[in-house]
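Enquirer: predicted model and sequence follow; I will ask about them next.
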Amino acid sequence: NRAVLTQWIEQKVSSILGFDDEIVSSTAINLFLPSDGEEAPDPKRAQLDLAGFLGDEESGKFAKELWTLMLEAQANSSGIPQTLLEQKKKELAEIAAKQQQQQRQHYPPAPMDEYVQEAARRAERARRAMEEQGGINNNINNGNNQKRSGGRWRDRRQPVG
């Protein structure tokens, strides 16, 4: 997909140079993505031609990365490099996460949430108090071993006398 690769080239050239340069971008596009009817791109020649604009090291990295993307695009049925598809998915997920976070900040919790939170705090305090009085398990075990007899509770483990 020529449009996707063109956009990638423009963004990459701008990031390498630190500013937008239409001449360098269009030169790179014409070297790597020739119009229909022109001969196939020569990555080595394109890299050498871009070295004057981007520098030897950067033009080599640029050419290698772009050529890899072009091969991915050729292998993908949509004509879009898989690497760029994954980057776009990640970008969209980050945007969605930011939007959800902003929504949470704009909408305070519903009053019911406050009641639920208060109930949870009270339940936790009650649980701690029971543990301090001998533990929840001890109270449960003692409760299981008690039997009602004559209007009073008695412990089954104690002999009746």
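Expert: Ah, there it is. Just so it is clear, the model here is predicted, and its values are computed rather than measured. Numbers count the residues shown, from 1 in each chain.

Enquirer: and stretch 78-92, how far out from the chain's middle?
Expert: On the basis of C-alpha atoms, centre = their mean, to the nearest Å, stretch 78-92 sits 14 Å off its chain's mean C-alpha point.

Enquirer: which residues are in contact with it?
Expert: If you take C-beta atoms under 8 Å, 6 or more residues apart in numbering as the criterion, stretch 78-92 is touched by 1, 4-5, 8, 68-70, 72-73, 75-76. C-beta: built from backbone N, CA, C; applies to glycine.

Enquirer: can you point out the buried residues in it?
Expert: Neighbour-count burial for stretch 78-92 flags 80-81, 84 (criterion: 16 or more other C-beta atoms under 10 Å).

Enquirer: the residues you listed in helices, which ones?
Expert: Per DSSP state H, helices hold the following members of the buried residues of stretch 78-92: Leu84.

Enquirer: how about JSON lines for the buried residues of stretch 78-92, with pLDDT and distance to Ala40 added?
Expert: Below are the buried residues of stretch 78-92 laid out as JSON lines (pLDDT from 0 to 100; distance: C-beta to C-beta, whole Å):
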{"residue": "Ile80", "pLDDT": "90", "distance to Ala40": "20"}
{"residue": "Pro81", "pLDDT": "92", "distance to Ala40": "18"}
{"residue": "Leu84", "pLDDT": "91", "distance to Ala40": "22"}
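
Enquirer: closest one of the buried residues of stretch 78-92 to Glu39?
Expert: Glu39 has its nearest neighbour among the buried residues of stretch 78-92 in Pro81, at 22.5 Å by C-beta to C-beta.

Enquirer: how distant is the helix or strand containing Leu92 from the center of its chain?
Expert: According to DSSP states H and E, Leu92 maps onto helix 82-106. In terms of C-alpha atoms, centre = their mean, the centre of helix 82-106 is set 7 Å apart from its chain centre.

Enquirer: begin at 41, not 1, for the rest of this chat.
Expert: With the count now opening at 41, the last piece we talked about shows up as helix 122-146.

Enquirer: helix or strand right after that helix?
Expert: Using DSSP H and E, the next helix or strand after helix 122-146 towards the C-terminus is helix 151-172.

Enquirer: next one: that next one to chain centre, how far?
Expert: Averaging C-alpha coordinates over helix 151-172 and over its chain gives two centres that are 34 Å apart (C-alpha atoms, centre = their mean).

Enquirer: ok, stretch 144-163 next?
Expert: The chain centroid and the centroid of stretch 144-163 are separated by 27 Å, computed with C-alpha atoms, centre = their mean.

Enquirer: which intervals of the chain have sub-threshold pLDDT?
Expert: Flagging of the chain using pLDDT under 70 yields the residue ranges 147-152, 175-201.
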